[in-house]
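Colleague: heads up, no residue letters with this:
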């Protein structure tokens, strides 16, 4: 009698190989699909950099997207007028509920007058605007929106920081001109040169400018940590104005090393535990700096109050115990 075990085993092995082959095919198809979506998304965002008269070589979908964006740009005056009407209606409603509430223009003037009277901090904060070519049009818009939020926060700090834009030229300057007309009147010093060229001194220059150790590029990859004493007066701290979804990891750290200037990271690990990456948005970094340097908040309080909920920030046990001990000691004294 012939044995049937061998053919059965061969059939099973054949089925297993076919199944594995199908799975690999599905994985490859999935990768190809994701790559196509990524390429299509990049194309759709980058067509905004193409002028209306040079659509040669673009796909039908890309041309359609380009026309749609041009229509969006052309409708900007109408949208601004509509936003103004909505803002007016909202203020009128609030004014009806509270007659003593100041108008929008009065509120703006009040903030400006208070800001002018404030004593500024000696600390310089520089936004490195050299990354325009590393972002697509959408991310450049997000970047400028975050920087605008930083400017708004700074006006409300007890001791506003000295703000600078370095490498402010080319596509980032064009984007700013399109999105925020009149930005030249902001209380920011705009520089087309790099922060090293602006702030570093050479042997022939006076001591008003700083040395390489006095310029600190903030980077989460740095092995140096800003200590408990916080930010040092008369030092210049650089924030990379980059929204890249972690595509250019370690770029700011590399730039600092190449320029020979100092670099450091915020002491996140020393005070809190977080569930996600320690890379923060531009405005979160600035908000933390201002809260510690201007508002005199502790690092722990600044991190817990500013880091978004999705980070899941929790105070480290040893930090919490130390704070409780200090509180008890203070009460005894």
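Modeller: That came in fine, so what should we check first? Here the structure is a predicted model, which is why all the values come from computation and not from measurement. Residues are numbered from 1 along each chain as shown.
Colleague: Identify the nearest residue to the most centrally placed residue in the chain in space, disregarding sequence-adjacent positions?
Modeller: Central residue of the chain (C-alpha atoms, centre = their mean): residue 282, 2.8 Å from the mean position. Leaving aside its sequence neighbours, residue 282 sits nearest to residue 146 (C-beta to C-beta, 6 or more residues apart in numbering; 4.1 Å). Every C-beta, even on glycine, is put in place using the N, C-alpha and C of the backbone.
Colleague: got the residue ranges for the helices in this structure?
Modeller: Secondary structure of the chain (DSSP state H): helices at 5-46, 60-74, 76-97, 104-117, 137-156, 171-179, 195-199, 251-259, 268-271, 282-293, 299-306, 317-332.
Colleague: Residue 196 against residue 261, yeah?
Modeller: Yes. Using C-beta atoms under 8 Å, residue 196 is in contact with residue 261, at 6.2 Å.
Colleague: Neighbours of the residue nearest to residue 269 when sequence neighbours are not counted, how many?
Modeller: Ranked by C-beta to C-beta, 6+ apart and with sequence neighbours excluded, the top spatial neighbour of residue 269 is residue 278, at 7.4 Å. Per other C-beta atoms under 10 Å, the neighbour tally for residue 278 reads 14.
Colleague: show me the contacts for residue 278.
Modeller: Each residue near residue 278 by C-beta atoms under 8 Å, 6 or more residues apart in numbering is listed here: 220, 265, 268-269.
Colleague: Can I have the buried ones of those as a ChimeraX selection?
Modeller: To isolate the buried ones among the contacts of residue 278 in ChimeraX, judged by 16 or more other C-beta atoms under 10 Å, type:
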select :220,265,268
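Colleague: Pop out the phi and psi values for the closest residue in space to residue 242 that isn't next to it in sequence.
Modeller: Leaving aside its sequence neighbours, residue 242 sits nearest to residue 131 (C-beta to C-beta, 6+ apart; 4.3 Å). The phi/psi pair for residue 131 (degrees, to the nearest 10) reads phi -100, psi 20.
Colleague: didn't residue 131 look like it was pressed against residue 247?
Modeller: No. At 11.0 Å, residue 131 and residue 247 do not qualify as touching, with contact defined as C-beta under 8 Å.
Colleague: Could you list the low-pLDDT ranges of the stretch 101-250 of the chain?
Modeller: Where the stretch 101-250 of the chain drops to pLDDT under 70, the residues are 103-104, 108, 201-210.
Colleague: Relative to residue 95, how far out is residue 289?
Modeller: 36 Å (C-beta to C-beta, to the nearest Å).
Colleague: what about the residue lying closest to residue 260 once chain neighbours are set aside, how many neighbours?
Modeller: Counting by C-beta to C-beta, 6+ apart, residue 260 lies nearest to residue 212, which is 5.5 Å off, once chain neighbours are set aside. Residue 212 sits with 15 neighbouring residues when counted by other C-beta under 10 Å.
Colleague: Next, the buried residues of stretch 269-285.
Modeller: Quick answer for stretch 269-285 (16+ other C-beta under 10 Å): 270-272, 274, 280, 282-285.
Colleague: That stretch: how far from the chain's middle?
Modeller: 12 Å (C-alpha atoms, centre = their mean, to the nearest Å).
Colleague: Now do that stretch: distance from first to last residue.
Modeller: Distance between the two ends of stretch 269-285: 15 Å, counting by C-alpha to C-alpha, to the nearest Å.
Colleague: and that stretch, what's its mean pLDDT?
Modeller: Average pLDDT, stretch 269-285: 88.
Colleague: List the residues that contact the residue nearest to residue 242.
Modeller: 143, 172, 240-242, 244, 248, 251.
Colleague: swap in residue 212?
Modeller: Residue 212 neighbours (C-beta under 8 Å, 6+ apart): 200, 260-262.
Colleague: Same check on residue 306?
Modeller: Taking C-beta under 8 Å, 6+ apart as the contact definition, residue 306 lies against 284, 287-288, 291.
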